[in-house]
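J.: Coordinates for the following, if possible.
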Amino acid sequence: MRTLHVGLRVDDLDASIGFYRHLGYEVVGRVPETEIGSLAMLQLPDDPFVTLELVHRPAGGPVTSGGLNHLVVQVDDLPAILAALDAQGITAGPPSSPDGTDTFLVARLTDPSGHEIELVQWPPGHSMGMTSADFEEAPPSEG
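T.: Modelled structure (predicted):
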């Protein structure tokens, strides 16, 4: 088993597609007028699969934040991505480092429908995603 993709309900499909394109996503297909709304299927250039589905359903009323806390996107060079987004008028919060280094960086921004996006630059040698190794505790020191 594996997670196929995340579906995000959005207020404005075209504005959301534009926003996610600036993050690096590519639209691989659109499905108009399904029973759950109009859909856009997105993937990142190095990912062989769709990982994000944007769902536009005006009859459902405005999108309100709620059950989804945030979407996390891995990037290779966070400062470069932030500069490119800023040039497109998309402002993110300042980058921070969970471990105090300049190679493990995190920044947050919000999409047009209010969903929080977390951009993560892993340190060199880290796997492409989180694994149990990220949660292993160091062995107690003997002393």
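J.: Can you spell out which helices and strands pack onto the longest strand along the chain?
T.: Counting by DSSP state E, the longest strand found in the chain is strand 26-34. With contacts defined as 3 or more Cβ pairs under 8 Å, 6 or more residues apart in numbering; DSSP states H and E, the packing partners of strand 26-34 are strand 37-43. C-beta here means a position set from N, CA and C on the backbone, and glycine is covered the same way.
J.: List the buried residues of the strand it packs on.
T.: Counting neighbours by 16 or more other Cβ atoms under 10 Å, one finds that the buried residues in strand 37-43 are 37, 38, 39, 40, 41, 42, 43.
J.: would you list these in TSV and tack on pLDDT and distance to residue 91?
T.: Below are those laid out as TSV (pLDDT from 0 to 100; distance: Cβ to Cβ, whole Å):
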residue	pLDDT	distance to residue 91
37	89	28
38	91	28
39	92	28
40	93	23
41	93	27
42	94	21
43	94	25
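J.: do you know how far the closest residue to residue 88 other than its chain neighbours is from residue 57?
T.: Spatially, and ignoring its direct neighbours in sequence, residue 88 is nearest to residue 22 (4.9 Å; Cβ to Cβ, 6 or more residues apart in numbering). From residue 22 over to residue 57 the distance is 23 Å, taken as Cβ to Cβ, to the nearest Å.
J.: and what of residue 17?
T.: Distance from residue 17 to residue 57, by Cβ to Cβ: 15 Å.
J.: Dump the C-alpha coordinates for stretch 47-59 into CSV.
T.: C-alpha atoms of stretch 47-59 as CSV (Å, rounded to 0.1, in the frame of the first residue of the first chain):
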residue,chain,number,x,y,z
ASP,A,47,8.0,12.6,-9.2
PRO,A,48,6.5,9.9,-11.5
PHE,A,49,3.1,10.2,-9.9
VAL,A,50,0.4,12.7,-9.2
THR,A,51,0.7,13.8,-5.6
LEU,A,52,-1.8,16.7,-5.4
GLU,A,53,-5.4,17.0,-6.6
LEU,A,54,-7.0,20.4,-6.5
VAL,A,55,-10.8,20.2,-6.1
HIS,A,56,-13.0,23.2,-7.0
ARG,A,57,-16.6,22.8,-5.8
PRO,A,58,-18.3,26.2,-5.6
ALA,A,59,-21.6,24.7,-4.5
